[in-house]
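**Student:** make a model of this:
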Amino acid sequence: MVRKIENLKSNSKINIGLRILGKRRDGYHLIETIFQEIDFYDEISLEKNNSGQFTIECNDESIKSNNNIIIKTANLVKPLLPTNFGVHFRLKKNIPIGAGLGGGSANAATVLKYLSNYFKEDNSVKNNLLLNYATKIGADVPFFLNGHTAYATGIGEELEQIFIKKDWFILLILPKFNISTAFAYNSLNISLTDGIKNTILLSYLRNGFKWQFFENDFEKNIIPAYPQIGLMKKALVDNGAVFSSLSGSGSTVYGIFENLLSAESAKENLREFGRIVVSRPV
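**Tutor:** Okay, here's the model as predicted:
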């Protein structure tokens, strides 16, 4: 096998609205959200070899090679690959861990799609295999197989591709703290006896896309526990955002701006809150 380094971009996402509809008996929460892929990405370099092994190096020392989601993904589909097929991955993390941007899920989907090019199965079953494996890896992973904009229900794996106008810019505030996903869901305090709420987001979209329709249910509990989230939301609006929200269960807060100039101007005023990134929807 000729050694060749290939470079891939692994885009992140924001949640446009996030409603918690209820809880399943297996502990997973049922949600309703719009996933929007954005062009803020991690970089993955891949070098194929004949070792039959998957190895990784990363610029983030907190990411361990033995339990990294990229290695887990590669090992999961190893039976579908040629016997001696190996890859050395180099991961440059730009997307923080625990940021609510789906960085790990995106990494898994990017690698899964890449490896599917070498599956021994033919193309007629490849798409079903991809979706099945993506669902096994994590609830957000299926979205990143196709990306763009999708209405999501279930635990996030039931997807319907939708179209919205994308003539706007996103300002991401990446604070210096993480929010545990487990903490965020536990703070909801939803029991099995609470029943399942009806979905409503698609009905909102039928009336024309308006930012004020959307809110993130996590904010009700996250903002009291992390008051800086509320301060970031307010600061974004005070600096010209037409909408601001927590993404996923946080800790990233984003603002929507109508043009690049206003987003860049706000960026300069918000640096006290952490790392600031201007991005676009994909």
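**Student:** Leu112 should be in a helix, yeah?
**Tutor:** Yes. Assignment of Leu112 by DSSP: H, G, I helix; E, B strand; the rest coil places it within a helix.
**Student:** quick check: it touching Asn132?
**Tutor:** No. Using CB atoms under 8 Å, Leu112 is not in contact with Asn132; the gap is 10.6 Å. C-beta coordinates here come from the backbone N, C-alpha and C atoms, glycine included.
**Student:** these two: which is more packed in?
**Tutor:** Leu112 (24 against 11; other CB atoms under 10 Å).
**Student:** not counting residues beside it along the chain, what's closest to that one?
**Tutor:** With sequence-adjacent residues excluded and distances taken as CB to CB, 6 or more residues apart in numbering, Leu112 is closest to Thr73, at 5.5 Å.
**Student:** please enumerate residues in contact with the helix or strand the one you found falls within?
**Tutor:** In the assignment (DSSP states H and E), Thr73 maps to helix 69-76. Helix 69-76 is contacted from outside by 44, 54-56, 65, 87, 89, 91, 104-105, 107-108, 111-112, 115, 133, 136-138, using CB atoms under 8 Å, 6 or more residues apart in numbering.
**Student:** circling back: state the distance from the residue nearest to Leu112 to Leu115.
**Tutor:** Relative to Leu115, Thr73 is positioned 8 Å away (CB to CB, to the nearest Å).
**Student:** the two: which has the busier surroundings?
**Tutor:** Thr73 (26 against 22).
**Student:** from Tyr114, how far out is that one?
**Tutor:** 10 Å.
**Student:** same check, this time on Lys210
**Tutor:** From Lys210 across to Tyr114, the span is 38 Å (CB to CB).
**Student:** higher neighbour count, the two?
**Tutor:** Neighbour comparison, Lys210 and Tyr114: the larger count goes to Tyr114, with 17 against 11 (by other CB under 10 Å).
**Student:** could you list every residue that touches that one?
**Tutor:** Glu6, Leu8, Leu46.
**Student:** shaky segments in this protein?
**Tutor:** Residues of the chain that meet the criterion pLDDT under 70 lie in 1-3, 66, 123-124, 191-193.
**Student:** where do the strands sit along it?
**Tutor:** Ranges of strands within the chain are 5-23, 29-49, 54-58, 86-92, 149-153, 158-161, 169-174, 243-246, 253-257, 275-279, based on DSSP state E.
**Student:** return the most buried member of the ones you listed.
**Tutor:** strand 253-257 (a mean of 26; mean count of other CB atoms under 10 Å).
**Student:** and that one with strand 275-279, angle?
**Tutor:** 40 degrees (axes from the mean of the first three to the mean of the last three CA atoms, to 10 degrees).
**Student:** for strand 253-257, packing partners?
**Tutor:** Using 3 or more CB pairs under 8 Å, 6 or more residues apart in numbering; DSSP states H and E, the elements in contact with strand 253-257 are strand 169-174, helix 227-238, strand 243-246, helix 260-269.
**Student:** please repeat the previous calculation with a cut-off of 10 Å.
**Tutor:** Judged by 3 or more CB pairs under 10 Å, 6 or more residues apart in numbering; DSSP states H and E, strand 253-257 is in contact with strand 5-23, strand 169-174, helix 227-238, strand 243-246, helix 260-269, strand 275-279.
**Student:** got the contact list for Asp39?
**Tutor:** By CB atoms under 10 Å, 6 or more residues apart in numbering, the residues touching Asp39 are Lys9, Asn11, Ser12, Ile170, Val277, Val278, Ser279, Arg280, Pro281, Val282.
**Student:** and the residues you listed, which is closest to Phe119?
**Tutor:** Lys9 (21.9 Å; CB to CB).
**Student:** how about the nearest residue to the closest one, chain neighbours excluded?
**Tutor:** Leaving aside its sequence neighbours, Lys9 sits nearest to Tyr41 (CB to CB, 6+ apart; 4.4 Å).
**Student:** do the same with Pro281
**Tutor:** Leaving aside its chain neighbours, Pro281 sits nearest to Lys166 (4.2 Å; criterion: CB to CB, 6+ apart).
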